[in-house]
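K.L.:
the sequence isn't on hand, but the structure is:
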């Protein structure tokens, strides 16, 4: 009887201790955006592997939130001081958060691991993680814009389907051969549309050798290079007919895609567009190449990994962040999700580089750029976009619209300074 | 006698407070306190991370002196509010009265009119973008009459009317409320009016409308409120464009607070909006008090 | 002559109503036709798919933990609707039929608060809930419903109660009935149309509520169907066919429920006609 009692007692104590033993692992919370499909599967596996590594003593609890809702949820949580220990964020504006003091400085953790960031990560995304010469984020995933062309439409227009345009002039030549107008004057098939897909004016500015920074490094959207680019840009639109382009855009707006429908000869899109083509238009006969400008240029965006400065387990969070940008994980993401990862070794793995579409993306990443970050006016490009629209709709001449945009951006900067006196 | 009366009054007051006590708690904790906090925030720089820092009237100064876009957004919002609310209430009232006169199939029609309210917002908005596209169903319909339809959502002049037309699709909710109200009107009143030789239009304006006026008031006031906060349509369908023609105040506030992390300024904007809206509500109530037999 | 005119009028009424009905049916038709499209047709404007892909419904349900989210959504909807109708009608009655000091002022405040653009209240409310440790529980979504619901429901019920004849209530008071008895035995039974109308709105609101569950719940086990719908919207593409299939599945219970409840609105009316 006594023996039975003892056994029961010992088992009971063990059972009580068991959860505390597993709880002694440091628990950190991670929010990310791989919320569905293969993305979720791969991310669950990546996190599972990390948690299975018992030598670290870290348990990651992850929450996947849709890209479309992620920012609101994280923003609200941050306001209450309840952000997760580690989270994905926008690679384009890391300094905004670093400036507010919500991010932990990751430089010491990177050093402690013996990692030389400049050698491990592509320069373009890596530079976006810096603020006052320290790393407040790690580059996780990025993207580049490329030119896709429809080989069948090229053939129909009497063009060589395997020879994409290599200069801007060629692009227009080819495009005009592909155009097909309806009796009403609208486009049935369009060769190229500069205001469709992922084609943005700032990419054209860079592509013609222009810049949005003056010689002091201040933002300038009305310098001569931009004005000249805008005049050319509008000239191209006028040639095609602005009304007709709008009509085309509105027809293939939300949910419909002109390129997938075989109605657009060439389109500028992100590298991952190839995967979308595979799902929605598996029979499309297409090719991919660099965007043909006089100066090689494309635009990148991406996601960073950031650790909260208010986390109680910064060490564990940084450990996990560094795991996520390790070659092992980044290679897995590239191979299985086609994510354009920032780890050089992973991205240049021979298994990936065999694929010409992948190679193209890696090449583009060398010359790609982010929009310059302006702490006082982080969304300055929206004023630029508005100016472009105003010129497009014939409301203002290029110079005037850009001057006005510059004024608005400067008043934005003034607003920031007025309310941020320290 | 006087003491007795006071006691009765006290008892009456207590009864009232008891009945509304859950609401008083709700209002205090989940509305009044947050509203006071937002009023405080409007005088601060608050980046949603660091504690708010007092900057006096700076946000208001900026709004009046440096930010023309707020006034544009306010104009857009008023345009949308008045455009959508009165058309919605009028159309809903007409349909509700017609429905009320139908003996057979009322349930089916009512369900159909309510459908757009039931369906999830995103698919419905997606559909509207297709309908408004230049060769979409709407322009094809207009073409039957030889009208060359506008570009709707991508046109500066037509983007707001397009959103107003779209809002008409959501009148199912108002129809239901109005119908519930219409069924309270005793049939005998209509019969009496008919005997007096009143025609349908007269009956509609002289009897139906005044009899359900508390419900109409409700529809107008809540309609104005929800229209003053129009957000999802612009956020999803137009992103505020083209050329800020659909940038409504609530969209502006949302972008300021959540996209730019400038909650102090967003709060100032919300407060100004609030101060402009309250007199409007009082005005609507006044107009109705004069007109309605009950309220 | 008179009868003929009446008949003609009836026909015209039906024609008008049917015309509007067709317009109002377009979204449902569109939703269902898209939900049956094969993948390669979703990015093309097409009203009728070339073949019907019923498998989409299975794929849609499998794309996220459908049954768990369904359970959570049903739970929240039932609890919140009961809470809102119970406490909301109590409060609305207090506003409509009781005389007390500050009634008008409080009512005006109630209406006025609705005008504050909600976006600036999110943060203060959220911080408050996080201070009392309610974030990551259902409490922020449930408790307000048991405290009268919202200004909208109270305002709506109050407008209905205002139009109830005072005589019934007065005579019951003279008979010595307590206010609570009058409310539960007399007012509530004759207000079925109003109560059902409010229930319909509450059910719909909770069923489709997206932002509340999104910001307050940090565990995906607790999420609801409206969040589940996001599984089909990726960053650069949307699986429209699956999204529409899932939307159809989620909408059908609401459509059926509404169809059944609105019959009750009519019956509630006849009952009340008897009392008049």
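P.N.:
It's in. Computed from a prediction, not measured in an experiment: that's the story for all the values here.

K.L.:
from now on I want contacts and neighbour counts done on CA atoms only, so please keep to that.
P.N.:
Noted.

K.L.:
what number of residues lie near residue A:158?
P.N.:
Using other CA atoms under 10 Å in any protein chain shown, residue A:158 is surrounded by 12 other residues.

K.L.:
what secondary structure does it sit in?
P.N.:
coil (DSSP: H, G, I helix; E, B strand; the rest coil).

K.L.:
from residue B:156, how far out is it?
P.N.:
Per CA to CA, to the nearest Å, residue A:158 is found 39 Å from residue B:156.

K.L.:
check residue A:36 too.
P.N.:
Look at residue A:36 and residue B:156: by CA to CA, they are 37 Å apart.

K.L.:
equivalent analysis for residue A:397, please.
P.N.:
18 Å.

K.L.:
which residues in the stretch 1-150 of chain C form helices?
P.N.:
C:2-35, C:55-62, C:66-97, C:103-113, C:119-131, C:139-142 (DSSP state H, counting those that start in this stretch).

K.L.:
redo those helices as CSV? Include mean pLDDT.
P.N.:
Below are those laid out as CSV (pLDDT from 0 to 100):
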stretch, mean pLDDT
helix C:2-35, 84
helix C:55-62, 94
helix C:66-97, 95
helix C:103-113, 87
helix C:119-131, 88
helix C:139-142, 95
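
K.L.:
export those helices to TSV and tack on mean neighbour count and distance to residue A:92?
P.N.:
Shown next, in TSV, are the helices of the stretch 1-150 of chain C (neighbours: other CA atoms under 10 Å in any protein chain shown; distance: least, CA to CA, whole Å):
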stretch	mean neighbour count	distance to residue A:92
helix C:2-35	15	36
helix C:55-62	17	33
helix C:66-97	21	34
helix C:103-113	16	37
helix C:119-131	20	25
helix C:139-142	18	34
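
K.L.:
need those in a markdown table (columns: distance to residue B:11).
P.N.:
Formatted as a markdown table, these follow (distance: least, CA to CA, whole Å):
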| stretch | distance to residue B:11 |
| --- | --- |
| helix C:2-35 | 51 |
| helix C:55-62 | 57 |
| helix C:66-97 | 14 |
| helix C:103-113 | 15 |
| helix C:119-131 | 34 |
| helix C:139-142 | 32 |
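
K.L.:
for residue C:206, which of the ones you listed is the nearest?
P.N.:
When the helices of the stretch 1-150 of chain C are compared by CA to CA, helix C:66-97 sits nearest residue C:206, at 5.5 Å.

K.L.:
any residue of that closest one up close to chain A?
P.N.:
No - residues of helix C:66-97 contacting chain A under CA under 8 Å from any CA of the partner chain: none, with a closest distance of 12.9 Å.

K.L.:
quick check on residue A:26: phi, psi?
P.N.:
Backbone dihedrals for residue A:26, given as degrees, to the nearest 10, come out at phi -70, psi 130.

K.L.:
distance of the spatially closest residue to it that is not a sequence neighbour relative to residue A:27?
P.N.:
Distances taken as CA to CA, 6 or more residues apart in numbering or on different chains place residue A:58 nearest to residue A:26, at 4.7 Å, with adjacent residues excluded. Look at residue A:58 and residue A:27: by CA to CA, they are 6 Å apart.

K.L.:
how about residue C:220?
P.N.:
Taking CA to CA, one finds residue C:220 at 17 Å from residue A:27.

K.L.:
next one: the helix or strand hosting residue C:155 to chain centre, how far?
P.N.:
Using DSSP states H and E, residue C:155 sits within helix C:151-162. Relative to the centre of its chain, helix C:151-162 is centred 15 Å away, using CA atoms, centre = their mean, to the nearest Å.

K.L.:
got it, and stretch B:175-193?
P.N.:
The answer for stretch B:175-193 is 24 Å, by CA atoms, centre = their mean.

K.L.:
buried residues in that stretch?
P.N.:
By neighbour count on 16 or more other CA atoms under 10 Å in any protein chain shown, the buried set for stretch B:175-193 is B:175-185, B:190, B:193.

K.L.:
tell me the secondary structure for the residue most central in space within chain B?
P.N.:
The centre of chain B sits closest to residue B:223, judged by CA atoms, centre = their mean, with a distance of 2.5 Å. Three-state call for residue B:223 (three-state DSSP): helix.

K.L.:
the closest residue to it other than its chain neighbours: neighbour count?
P.N.:
Using CA to CA, 6+ apart and skipping residues adjacent in sequence, the residue nearest residue B:223 is residue B:85, 5.6 Å away. Counted with other CA under 10 Å, the neighbours of residue B:85 add up to 25.

K.L.:
how far does the helix or strand that contains residue B:85 sit from its chain's centre?
P.N.:
Here residue B:85 sits within helix B:68-100, counting by DSSP H and E. Mean-position distance between helix B:68-100 and its chain equals 7 Å (CA atoms, centre = their mean).

K.L.:
give me the helices and strands touching it, please.
P.N.:
helix B:106-118, helix B:159-168, helix B:172-182, helix B:213-228, helix B:249-254, helix C:2-35 (3 or more CA pairs under 8 Å, 6 or more residues apart in numbering or on different chains; DSSP states H and E).

K.L.:
wait, which of those helices is closest to residue B:67?
P.N.:
Closest to residue B:67 of these, according to CA to CA: helix B:249-254, at 11.7 Å.

K.L.:
is that closest one positioned near chain A?
P.N.:
No - using CA under 8 Å from any CA, helix B:249-254 stays clear of chain A, coming no nearer than 9.8 Å.

K.L.:
now the angle between helix B:68-100 and whatever helix or strand comes next after that helix, please.
P.N.:
Heading C-terminal from helix B:249-254, the first helix or strand you meet, by DSSP H and E, is helix B:263-291. Angle of helix B:263-291 versus helix B:68-100, following axes from the mean of the first three to the mean of the last three CA atoms, to 10 degrees, is 40 degrees.
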